[in-house]
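*Asks:* Generate a structure from the sequence data that follows.
(2 chains)
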Amino acid sequence: MTTSEPTMPPVHYLNCDYSIRSWLLTQDHKRIALLFLVSITVFFLLGSTYAGMIRTELLTPNGNVVSHQNYNKLFTMHGLIMIFFFLIPSIPTVLGNFLIPMMIGARDLAFPRLNLASWYVYTLGGIFTITAAVAGGVDTGWTFYTPYSSIYSHTNVTTMAVGVFITGFSSIFTGLNFIVTIHKMRAPGLTWFRLPLFVWAIYATSIIMVLGTPVIAITLAMVGLERVFHIGIFDPALGGDPLLFQHLFWFYSHPAVYIMILPSMGVVSELIACFSRNRIFGYKIVAFSSVAIAVVGFLVWGHHMFVSGQSAYAGLIFSFLSFLVAIPSAIKVFNWTATLYKGSISYDAPMLYALGFIGLFTIGGVTGLFLATLGMDVHVHDTYFVVAHFHYIMVGGAIMGYMGGLHFWWPKITGRLYPEQWARLAALVIFLGFNLTFFPQFILGYLGMPRRYHTYPAEFQVLNVMSSAGASILGVGYMLPLFYLLWSLRRGPIAGPNPWGAKGLEWLTPSPPPTENFEQTPVVTEEAYAYRPEENASG
Amino acid sequence: MKHWMGFPMFPEQASSVAGRVDALYFFLVAVSGVFAILIFGVITVFIVKYRRRPGKMAVASGHGHMWLELVWSVVPLALTMVMFFWGAKLFFTIYTAPPGAMDVFVVGKQWMWKFQHPEGQREINELHIPVGRPIKLTMISEDVIHDLFVPAFRVKNDVLPGRYTTMWFQATRKGDYRLFCAQYCGTEHSLMTGWVHVMDPPDYQNWLGGGAEAGPMHVIGGKLFDQLGCATCHKNDNTGRGPTLVGLFGSKVTLKSGQVMQADEDYIRDCITKPNARLLPNYEPIMPTFKGIISEEGLLQLIAYIKSLTPPQAAKTGSETK
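*Replies:* Now for the predicted structure:
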């Protein structure tokens, strides 16, 4: 590893030009990644504020902090912002943007201008969303179920739908860019099966983004048409079908869960390999499982509709397919575990996040089996059991992966190390706070507490207080990195090109990298994760 | 509620399926628990045993083992298939109302539940039922989507505008149980709650005897039928300009388009609200729409009346389908 004192390169992508113009018109994928990092962090803080207000309200059963209407707006805005403006873009636009070209030995993405356009489109969508929020918010729930959203709600549904519609194009642009880049711009010798698993995961995610996002865009456009022009599509009073909306909505929004979780799985593969000094066990199976999840994930949407009035036989098929999609996820968990076997494991903060991911994702995954089981889902559907389940996947899974990745590549992005002890503490606080927040919600759900309830029967209070207490710990856990990462920008120790002793092309170039990433295009002669040279020889 | 160390853990079991749902739940908890503990245990052992020590390199775990991959794909697949079949079997029990279930009609609206018994009694946010008898709810919404949920019975189903959905349960214990709206329906969603009162059959009979001045649902429906002038065309001896409705319910109807439809509750509702979508051969398309003229309760009463024109045996198929 590092022997002599590491130094900063004199010129790199951050200090080559300090002008505002050089940032706002940049075509450098690394700078665009940072633009996204700032934007999604703003939305994360906004979404977290809504969450904090929700948990404050639910401390007592009577709903004495905000009105019914405002409570409904809080959980709607929390969901919309966290899903469309934080979770979906998080890893792809920040870590993906920064790393995909570097991991494959390229100078940039295939379409740098399209990449910049993606950020502007995201920002424009964000402006509509903020406008909708400032104008009074939206009260439909993030799911926009019709005919409530299209006819009955008196809130800013149209503005919000326009915001989500526009932001969808950011997903499409970015996904398209990644697919072309991964196909066409890999360095000499970098075959598909030498790619880091993060690249495979982003590739699978991009397929979903490109194929799925147009469907949500069309669906929201139809909600807008019904709302503004009373064209009957979903409202039965106008001759429409409300279940049609649910089919279209979940056709995108179930795969969207995989847009959130697959990149995190990719990050975790990188972290587990590096910090156990082992090649990922069953590399090809882990790679193909990402693609399998992306493909089968398009065929399970009806499991959100078991009690919706959908045919029982459709429910049967969707239940079966949902169990099938669970298998590749389980395989990944087993392969990560096996990678630890006979490794040389260190407990740096990114590894703690990766281990936390496995723990929370496992709980989120097995509780997903409860929901895929038809006779079980009837009872727990639309209760806090579902809320707990998807937070285990989307916060416990996706955000743990994002945080782990952000810490792991922070030295590459900034050239400086974050304070390790603080980072370990934050990982621990987040893990504990998360579990205290969401585990009681499984029990609440089984007891029958429906989701989206502003007031609730007094017998549910104990568990709600536990959950709110956990949320305050979780809040502290998320604030810590915000402070110490900012602090490290000036005060952190100089990282050097490869502080972790990690494999992968991105670690061959200085930290922070030069604008063109590599002085010479690297030539790849070994497989990914060749932490043990003799592994290659044995094939 | 069942408590464990002071914490509430399970809702009461008060229906014929509640015990079966809980049994499935325990199975799922056990399988998930074993898997989670197995994974967390193995990870803990590995990260302690193989922690980084100075001068000690990782020993390659190899590129994977086919048999190991097969084992941990096939075993979870087999277990999930057990979950699938068990859950599907239970689902069809929950889904399919037994023949001879007692009917109750439900109209959901922002933000209240309206119940109507065939004997004519109506109640709001409260539902009185006898213990030990299967109850079949036929439900519809006046506005947005709602969902009727009774945790103690372990059943719920969405209540849609524009068409009927059904659910059934058989209460096994006397008592008062909460009912919730489980599908978000707007501002006062969390106030759209109420109680199911499960009574001894004699008490239920007494309760029924209390109200219903207007008479049973089909009688009210019959009056409505006359008031709206339906009888001018739909004559019982089939001499009117429209078809007779005697024997309609539960029969198979061949439309002008050649399509064959089962005359169930939804079919009759559609004929009244969108008559032009259900044209019959040999009849002129002269029926006006009654959409917006008759309330959802009124439609249910009309359907009850039309049902009463069919002898019970002939209607068998109609009431059994969901």
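
*Asks:* C-alpha only now, for contacts and for neighbours.
*Replies:* Noted.

*Asks:* how's chain B carved up into domains?
*Replies:* B:2-52+B:61-95, B:102-210, B:217-320 (automatic domain parsing).

*Asks:* among those, which is the most enclosed?
*Replies:* Greatest average neighbour count among the domains of chain B goes to domain B:102-210 (a mean of 21), per mean count of other Cα atoms under 10 Å in any protein chain shown.

*Asks:* Show me where the chain dips below the pLDDT cut-off.
*Replies:* As the question left the chain open, I've gone with chain A. Where chain A drops to pLDDT under 70, the residues are A:1-4, A:533-539.

*Asks:* wait, chain B
*Replies:* Within chain B, the segments meeting pLDDT under 70 span B:1, B:5-6, B:56-64, B:210-212, B:312-322.

*Asks:* Buried ones in whichever strand or helix holds residue A:177, by neighbour count?
*Replies:* Using DSSP states H and E, residue A:177 falls within helix A:157-184. Within helix A:157-184, the residues scored as buried using 16 or more other Cα atoms under 10 Å in any protein chain shown are A:157-179, A:181-182.

*Asks:* now do stretch A:478-491
*Replies:* For stretch A:478-491, burial by neighbour count (16+ other Cα under 10 Å) applies to A:478, A:480, A:481, A:484, A:485, A:488, A:489.

*Asks:* Kindly reformat the residues you listed as TSV containing distance to chain B and secondary structure.
*Replies:* Formatted as TSV, the buried residues of stretch A:478-491 follow (distance: Cα to the nearest Cα, whole Å; DSSP: H, G, I helix; E, B strand; the rest coil):
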residue	distance to chain B	secondary structure
A:478	24	helix
A:480	26	helix
A:481	25	helix
A:484	26	helix
A:485	26	helix
A:488	26	helix
A:489	29	helix
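
*Asks:* I'd like these as CSV, with distance to residue B:163 appended.
*Replies:* As requested, the buried residues of stretch A:478-491 are exported to CSV (distance: Cα to Cα, whole Å):
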residue, distance to residue B:163
A:478, 47
A:480, 52
A:481, 52
A:484, 57
A:485, 56
A:488, 60
A:489, 60
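
*Asks:* Quick check: which helices or strands does the host helix or strand of residue B:44 pack against?
*Replies:* Taking DSSP H and E as the criterion, residue B:44 maps to helix B:18-49. Using 3 or more Cα pairs under 8 Å, 6 or more residues apart in numbering or on different chains; DSSP states H and E, the elements in contact with helix B:18-49 are helix A:312-340, helix A:349-372, helix A:374-380, helix B:66-95.

*Asks:* quick check: angle from it to helix A:349-372?
*Replies:* Using axes from the mean of the first three to the mean of the last three Cα atoms, to 10 degrees, the inter-axis angle of helix B:18-49 relative to helix A:349-372 is 160 degrees.

*Asks:* Could you pick out the residues of the stretch 101-250 of chain B near chain A for me?
*Replies:* When proximity is defined by Cα under 8 Å from any Cα of the partner chain, the stretch 101-250 of chain B lies next to chain A at B:143-145, B:150-151, B:154-162, B:165, B:180-191.

*Asks:* circling back to that earlier point, and chain B, which of the buried residues of helix A:157-184 contact it?
*Replies:* Among these, no residue sits close to chain B (Cα under 8 Å from any Cα).

*Asks:* tell me which element residue A:439 falls in.
*Replies:* helix A:420-447.

*Asks:* So what's the gap between that helix and the chain middle?
*Replies:* 18 Å (Cα atoms, centre = their mean, to the nearest Å).

*Asks:* What ranges does chain B have for its strands?
*Replies:* Taking DSSP state E as the criterion, chain B contains strands spanning B:2-4, B:7-10, B:102-109, B:112-116, B:122-124, B:126-130, B:134-141, B:146-150, B:155-159, B:165-170, B:175-181, B:194-199, B:252-254, B:260-262.

*Asks:* Next, format those strands as TSV and append distance to residue A:351.
*Replies:* Below are the strands of chain B laid out as TSV (distance: least, Cα to Cα, whole Å):
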stretch	distance to residue A:351
strand B:2-4	36
strand B:7-10	34
strand B:102-109	51
strand B:112-116	51
strand B:122-124	56
strand B:126-130	54
strand B:134-141	51
strand B:146-150	43
strand B:155-159	43
strand B:165-170	49
strand B:175-181	43
strand B:194-199	49
strand B:252-254	66
strand B:260-262	61
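
*Asks:* how about those strands, which one is nearest residue A:239?
*Replies:* strand B:134-141 (15.1 Å; Cα to Cα).

*Asks:* For stretch A:502-519, what is the spacing between the initial and final residues?
*Replies:* 20 Å (Cα to Cα, to the nearest Å).

*Asks:* And it, what's buried?
*Replies:* Buried residues in stretch A:502-519 (16+ other Cα under 10 Å): A:502-518.

*Asks:* Can you name the residues of the stretch 151-300 of chain A sitting close to chain B?
*Replies:* Proximity of the stretch 151-300 of chain A to chain B (Cα under 8 Å from any Cα) is limited to residues A:152-153, A:236-237, A:242, A:276-283.

*Asks:* State the pair within those residues that is farthest apart.
*Replies:* Across these (Cα to Cα), the longest gap, 62.4 Å, separates A:237 and A:277.

*Asks:* which one of those two has more residues nearby?
*Replies:* Between residue A:237 and residue A:277, residue A:277 has the larger neighbour count (other Cα atoms under 10 Å in any protein chain shown), namely 28 against 17.

*Asks:* Assess the claim that the more buried one and residue A:345 are in contact.
*Replies:* Yes: in this structure, residue A:277 is within contact of residue A:345 by Cα atoms under 8 Å, at 6.9 Å.

*Asks:* Now for residue A:29, how many residues are close by?
*Replies:* 28.

*Asks:* wait, isn't it in contact with residue A:115?
*Replies:* Yes: at 7.3 Å, residue A:29 counts as touching residue A:115 under the criterion of Cα under 8 Å.

*Asks:* what is in contact with those two at once?
*Replies:* Counting by Cα atoms under 8 Å, 6 or more residues apart in numbering or on different chains, the contacts common to residue A:29 and residue A:115 are residue A:109.

*Asks:* Would you mind naming what in the stretch 1-150 of chain A lies close to chain B?
*Replies:* A:68, A:69, A:72, A:139, A:140, A:141, A:146, A:147, A:148.

*Asks:* Now tabulate those residues in CSV and tack on secondary structure and distance to residue B:196.
*Replies:* As requested, the residues of the stretch 1-150 of chain A next to chain B are exported to CSV (DSSP: H, G, I helix; E, B strand; the rest coil; distance: Cα to Cα, whole Å):
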residue, secondary structure, distance to residue B:196
A:68, helix, 25
A:69, helix, 27
A:72, helix, 27
A:139, coil, 29
A:140, coil, 28
A:141, coil, 28
A:146, coil, 28
A:147, coil, 28
A:148, helix, 27
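
*Asks:* Turn those residues into CSV, including neighbour count.
*Replies:* Formatted as CSV, the residues of the stretch 1-150 of chain A next to chain B follow (neighbours: other Cα atoms under 10 Å in any protein chain shown):
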residue, neighbour count
A:68, 21
A:69, 17
A:72, 26
A:139, 28
A:140, 27
A:141, 22
A:146, 27
A:147, 29
A:148, 23
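
*Asks:* what about residue B:303, distance to residue B:248?
*Replies:* 11 Å.
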